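Enquirer: Return atomic coordinates for the entry below.
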Amino acid sequence: MDKNERAEQNHKEDAKHQHQDGYEYKVGLVVEGGGTKIAYSAGVLQAFLEKKVYFPYSVGISSGSEVLLAYVSRQIERLRVTTLDAASQKGAIGLVPLFKEGGLFGLEATNKYIEEHAPLDFMAFFGSSTEMEIGVYDMDENRVEYFGKPYVDENMTLIKASCALLLLARPYKWRGKRYFDAGLVDMISVQRALDAGCEKIVVLSTKEKGYRRKPAPKWQIWLAKLIYRDPKIVSHLKNRHISYQQQWDLIDRLEEEGRAIVLRPSKDMGVTRYTTDPTKLEPWYQLGVDETYERMDEILRFCGDGCLREDDNARASVESNPKICANMVKNTLEQV
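Expert: Numbering: from 1, shown residues only. Predicted coordinates for the structure are as follows:
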């Protein structure tokens, strides 16, 4: 067993050690990314917060991790600022961030806007009853890694790295390694949720039913070879459409077993991952709100008692949680 295989085995064992005698969580929330299309998922999360539907576990990839911050901290206004206001500001996508940040997505400008207009409530975030994991791709180990809430800090480096799309944004150096969007390999982290001990899973997808990811075009393969000079990254890119379908095949099986439910837009409203027009994003966001309310009874029946309807008792201060404190200290020391 080589170093990568040992690391992966240890990674899986760490996820499983708490629930060998049963499920750690009765239900978990998995949020797919999708650029600015994530506004639909933000609408779904707003409906959950309004109805006080609190999942005990959540995991997000790319922009899915960004909106989960607001859900975990119970900040509805941050959901709207993140996916509507920040997404439509001038430095979000295009030539401006290309010249200023070296990528088509303005991650620094977007993060700055969000934190200025709806700063993350860290006390509510760390005290929340909802656990959260963020997936990123480790360029040095060529694998996806997941990090929990204690690794989120005021710099938001982990979140920005999670949103750093292949070919469209610069990777982020963090904790001595280089990271970017885990969507190169793990677009919908259903397997991670299962490994974390979830019995049932609610999946938030930005794609309409029947969507099929196409193989990466030749120009993307060529550009990835030129930029990254890493055959494993190129291989992951070539096989990304296959991995994506395998993840949906797993979701389909879980649905058949009654262990998964998928919330996705019912129609195509012309919104893409690059849309910045607020007149298009606003109705897309509202569609997420409306369609979730239409299915709320179904969702609550599916979750049963797996979701906490109130988490006031869980909003203890960070100082009173030794596990969080220890991990935050460890994270801080690793970044020094």
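Enquirer: Please work out which residues outside stretch 86-96 touch it.
Expert: 36, 39, 97, 100, 104-106, 109-110, 113-114, 117, 274-278, 281 (C-beta atoms under 8 Å, 6 or more residues apart in numbering). Every C-beta, even on glycine, is put in place using the N, C-alpha and C of the backbone.
Enquirer: Do you know the pLDDT at residue 120?
Expert: Looking at residue 120, its pLDDT reads 98.
Enquirer: Now do the SS call for it.
Expert: coil (DSSP: H, G, I helix; E, B strand; the rest coil).
Enquirer: now the helices for the stretch 51-200 of the chain?
Expert: In the stretch 51-200 of the chain, the helices defined using DSSP state H, counting those that start in this stretch lie at 63-72, 76-80, 95-101, 107-117, 122-127, 157-162, 190-195.
Enquirer: circling back to that earlier point, from the contacts of stretch 86-96, keep the buried residues only.
Expert: Using 16 or more other C-beta atoms under 10 Å as the burial test, these include 36, 39, 97, 104-106, 109-110, 113-114, 275-276, 281 as buried.
Enquirer: Quick one, which of these has the minimum pLDDT?
Expert: Minimum pLDDT for the buried ones among the contacts of stretch 86-96 is recorded at residue 97 (69).
Enquirer: pretty sure residue 245 is touching residue 214, no?
Expert: No - judged on C-beta atoms under 8 Å, residue 245 makes no contact with residue 214 at a distance of 10.9 Å.
Enquirer: Between the two, tell me which one has more neighbours.
Expert: residue 245 (12 against 7; other C-beta atoms under 10 Å).
Enquirer: Check the spacing between that one and residue 118 real quick.
Expert: 36 Å (C-beta to C-beta, to the nearest Å).
Enquirer: Also residue 68?
Expert: According to C-beta to C-beta, residue 68 stands 14 Å off from residue 118.
Enquirer: Of those two, give the one with the bigger neighbour count.
Expert: Taking neighbours as other C-beta under 10 Å, residue 68 and residue 118 compare with residue 68 leading, 28 against 20.
Enquirer: residue contacts, that one?
Expert: Residue 68 makes contact with 29, 31, 45, 58, 59, 60, 132, 134, according to C-beta under 8 Å, 6+ apart.
Enquirer: Export those residues to CSV and append columns for neighbour count.
Expert: Listed next are the contacts of residue 68 as CSV, based on neighbours: other C-beta atoms under 10 Å:
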residue, neighbour count
29, 31
31, 31
45, 26
58, 30
59, 28
60, 29
132, 25
134, 28
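Enquirer: how about residue 83, what does it touch?
Expert: Residue 83 sits next to 36, 38, 39, 42, 67, 281, 285 when contact means C-beta under 8 Å, 6+ apart.
Enquirer: Would you agree the second one is in contact with residue 61?
Expert: I take that to be residue 38. No - applying C-beta under 8 Å as the test, residue 38 and residue 61 come out as separate, 10.4 Å apart.
Enquirer: what about residue 173, how many neighbours?
Expert: Per other C-beta under 10 Å, the neighbour tally for residue 173 reads 12.
Enquirer: The protein: strands as residue ranges?
Expert: Ranges of strands in the chain, per DSSP state E, are 25-31, 57-61, 131-138, 143-148, 172-174, 177-181, 198-204, 260-263.
Enquirer: Could you dump the ones you listed into a markdown table with distance to residue 124 and mean pLDDT added?
Expert: A markdown table is the format used below for those (distance: least, C-beta to C-beta, whole Å; pLDDT from 0 to 100):
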| stretch | distance to residue 124 | mean pLDDT |
| --- | --- | --- |
| strand 25-31 | 17 | 96 |
| strand 57-61 | 15 | 97 |
| strand 131-138 | 13 | 97 |
| strand 143-148 | 16 | 97 |
| strand 172-174 | 24 | 95 |
| strand 177-181 | 26 | 96 |
| strand 198-204 | 21 | 97 |
| strand 260-263 | 24 | 98 |
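Enquirer: okay, these in CSV with distance to residue 224 next?
Expert: Converted to CSV, the strands of the chain look like this (distance: least, C-beta to C-beta, whole Å):
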stretch, distance to residue 224
strand 25-31, 26
strand 57-61, 19
strand 131-138, 13
strand 143-148, 17
strand 172-174, 18
strand 177-181, 12
strand 198-204, 28
strand 260-263, 30
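Enquirer: my guess is residue 171 contacts residue 180, does it?
Expert: Yes - in this structure, residue 171 is within contact of residue 180 by C-beta under 8 Å, at 4.3 Å.
Enquirer: which neighbours do the two share?
Expert: Residues touching both residue 171 and residue 180 (C-beta under 8 Å, 6+ apart): 139, 161, 164.
Enquirer: neighbour-wise, which of these leads?
Expert: For these, neighbours were counted using other C-beta under 10 Å, and residue 161 has the most, 27 neighbours in all.
Enquirer: Check the gap between that residue and residue 291 for me.
Expert: Using C-beta to C-beta, one gets 31 Å for the distance from residue 161 to residue 291.
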